[in-house]
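J.: Need a 3D model of the following:
(chains A and B)
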Amino acid sequence: MLKKFWFLSIIIVIAIILPLIVQSSYYRHIFILILIWGALGVAWNLLGGYTGQVSFGHAAFFGVGAYGAGLLAFHLHISPWWGMIVGPVAAVIVSIPIGLICFRLRGPYFALAMLAVGEICRLVFTQWVSLTNGAMGILTLTTFSSKLPYYYIGLAILSFSVYTVYRLMNSRAGYYFVSIREDQDAAESLGIPTTKYKMYSLIPSAFFSGLAGAFYMNYMNYIEPSVVFSLPDVSIMIILVVILGGVATLWGPVVGAIIFVVLSELLRSSLGPAHLLVFGVIVCLVIMYMPNGIMGEVDRIKKLLQRKGARIGSEIT
Amino acid sequence: MSLFWQTLICGLLLGGVYALIAIGMTLIMGVMKIINLAHGALVMIGMYITYVCFHYWGIDPYIAIFISMPALFFLGCLIQKYSINVLIGKESILPENQVLLTVGIMLVLTETMRLIFGSDYKSVHTSYTGTSFFIGDVSVSIPMAISFVIAMVFTYALHIFLTKTDIGRSIRATAQDKEAAILMGVNTNKITIVTFGLGSALAAAGGTLLVPIYYLFPDIGHAFVAKSFIITILGGMGSTMGALFGGLTLGIAESFGATYISMELKDVVGFVIFIIVLLFLPGGFKSLTKR
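T.: Residues are numbered from 1 along each chain as shown, chains lettered A, B, ... in the order given. Reported below is the predicted structural model:
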């Protein structure tokens, strides 16, 4: 426990001082992307990993959060930072009817219904030009010229979401979530109101996706439906990020986000358009040989390394 | 009234090709109990093979079907044998691991094609593109009609294959009850490989048939994967006939949506039907005939 505490403290200290050491605004941009993807991954992981309700439509909540912030600025001409409150609340409001409808379905059917929801959102936001300005998107003005404030806001969002998930998973509700994932019928027979607890899992998940979306809007200053509601670039990427890092682990999504963002930036400069291809191959290999992701197999990796280390040690002596 | 018939015919012709693609998906879904999200990418690869055949060697798209289908059959077998079958029996937290793997495969296939051909739209212009004939005052596009007829022939051939041949019967047995099929001496491992190959070949056939009437780009697969699972759910999982009627229904619904609601919202029509069917008729059309 003490070891864990020190480990966590070191990570937090590193996270706080890292952008102060690294002055380049390009690297700071990468850090901020990691924070956004991390928060999105943590949000998806609560519903998809812990509760086992794999959703292919989380872009719906991300996009609604982003548009919640963007539309405020577009129609009411107030600061889009108010969207940091309105965006996630809007995502939660949208998530309630979606949950009530889609939770009647199970497993792959739920996944596909969510995919349909995400696509419906994208098409509606593209076509409803009078409200959303359609495919032209929404453009706002930059608030800060330095990336530093964005970094700390992003870090706060990620910490808030990780902490919330941690507290939830160590409460009674958390055990209910896992029991729903492991065997829904058994959970129901033990008296757990499964649909209700699925909603309890969806609402924070939608909230943090919306928060990440609202922050994305404030950071990027430009959104359009095909970007924030994208099926391959948001909905599916979130899943792959979480799978890579480790499903149903607290830090897995963050690790996945770090690998995904760093890898795509590294490869983007060296390989050009092939970076997604390499990422896809890595995801396939991880699913095939480490089905629980990097954090999920951390014990196995440790053991493997130790054994290898021991062998090398014995060879030397 | 002629607008009505025009809409109906257009929808029907396009629906036939959708059905062919969806039958491939429903076949895979029935045998392996997984949703193959790479299916759209396989359609896309079939389209690119046809494009290459036409553009570089001058092979007519309808003849290129004999190249694209075997090629995709082979590719499908490889995918099943060396990636999806590896996962069978592996412990993991999420039961949908195989589905997620197909997402990874989709990403790999799409990006490979993007790397080779770039992201821009391509199309094939044959001598009969844009030609049409008239039934009364309804105009029927000739390439669409040819594609429809070929799609129906393939559907019928597949039906014969599944009901009359040994391999076809083994595929159906595996879909019904895997354990029982193993006990009856069916090599289910081989059957899953053949099924995935067959499903991929049908996807390729659908893609090839769409080339003369459609355009192609690497991300086109997303549209088809969405359409084919809408059809699969509409028709009932694992049902060939259901997929046929589901395909025709979706084609007609989209066509009417485009004519009478709005061109841009025609894809929403499909998704709304999808959610309604999931909620109120979870077994699809298949469950209607059983009652």
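
J.: Just the C-alpha atoms of stretch A:217-237, please, in CSV.
T.: Provided in CSV are the C-alpha atoms of stretch A:217-237 (Å, rounded to 0.1, in the frame of the first residue of the first chain):
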residue,chain,number,x,y,z
MET,A,217,-13.8,22.3,-28.2
ASN,A,218,-12.1,24.9,-26.0
TYR,A,219,-8.7,23.6,-26.9
MET,A,220,-9.0,23.1,-30.6
ASN,A,221,-11.4,26.0,-31.1
TYR,A,222,-12.9,24.3,-34.1
ILE,A,223,-15.4,21.4,-34.4
GLU,A,224,-17.4,19.9,-37.1
PRO,A,225,-19.7,16.8,-37.0
SER,A,226,-17.5,14.6,-39.1
VAL,A,227,-14.7,15.1,-36.7
VAL,A,228,-16.3,14.9,-33.2
PHE,A,229,-18.9,12.2,-34.2
SER,A,230,-16.6,10.2,-36.3
LEU,A,231,-17.1,6.4,-36.1
PRO,A,232,-13.6,5.3,-37.0
ASP,A,233,-11.7,8.2,-35.5
VAL,A,234,-13.5,8.6,-32.2
SER,A,235,-15.9,5.7,-31.3
ILE,A,236,-13.6,2.9,-32.5
MET,A,237,-10.4,4.6,-31.5
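
J.: next one: that stretch to chain centre, how far?
T.: 13 Å (C-alpha atoms, centre = their mean, to the nearest Å).

J.: what's the answer for stretch B:173-181, then?
T.: The chain centre lies 23 Å from the centre of stretch B:173-181; the measure is C-alpha atoms, centre = their mean.

J.: quick one: low-confidence ranges for the stretch 201-317 of chain A?
T.: Applying pLDDT under 70 to the stretch 201-317 of chain A flags residues A:272-273, A:308-317.

J.: let's go with 80 and repeat that
T.: Along the stretch 201-317 of chain A, segments meeting pLDDT under 80 span A:232, A:267-276, A:291-293, A:296-317.

J.: Show me where it has its strands.
T.: Secondary structure of the stretch 201-317 of chain A (DSSP state E, counting those that start in this stretch): strands at A:222-223.

J.: Show me what counts as buried in stretch A:84-97.
T.: Of the residues in stretch A:84-97, A:84, A:86, A:87, A:88, A:89, A:90, A:91, A:92, A:94, A:95 count as buried by neighbour count, 16 or more other C-beta atoms under 10 Å in any protein chain shown. Backbone N, C-alpha and C define where each C-beta goes, glycine included.

J.: Tell me who's in contact with residue B:216.
T.: For residue B:216, the contact set (C-beta atoms under 8 Å, 6 or more residues apart in numbering or on different chains) comprises B:44, B:47, B:48, B:51, B:121, B:122, B:123.

J.: And the average pLDDT for the host helix or strand of the first one is what?
T.: Element membership for residue B:44, per DSSP states H and E: helix B:39-57. Here helix B:39-57 scores 88 as its mean pLDDT.

J.: biggest helix in the chain by residues?
T.: Here I'm looking at chain A. Counting residues, the longest helix found in chain A (DSSP state H) is helix A:194-220.

J.: To clarify, I was referring to chain B.
T.: Longest helix in chain B, counting by DSSP H: helix B:2-32.

J.: Which residues of the stretch 1-150 of chain A lie near chain B?
T.: A:48-49, A:52, A:54, A:101, A:104-105, A:107-109, A:111-113, A:115-117, A:119-120, A:123-124, A:126-127 (C-beta under 8 Å from any C-beta of the partner chain).

J.: Just the ones of these in helices?
T.: Those of those lying in helices (DSSP H): A:101, A:107-109, A:111-113, A:115-117, A:119-120, A:123-124, A:126-127.
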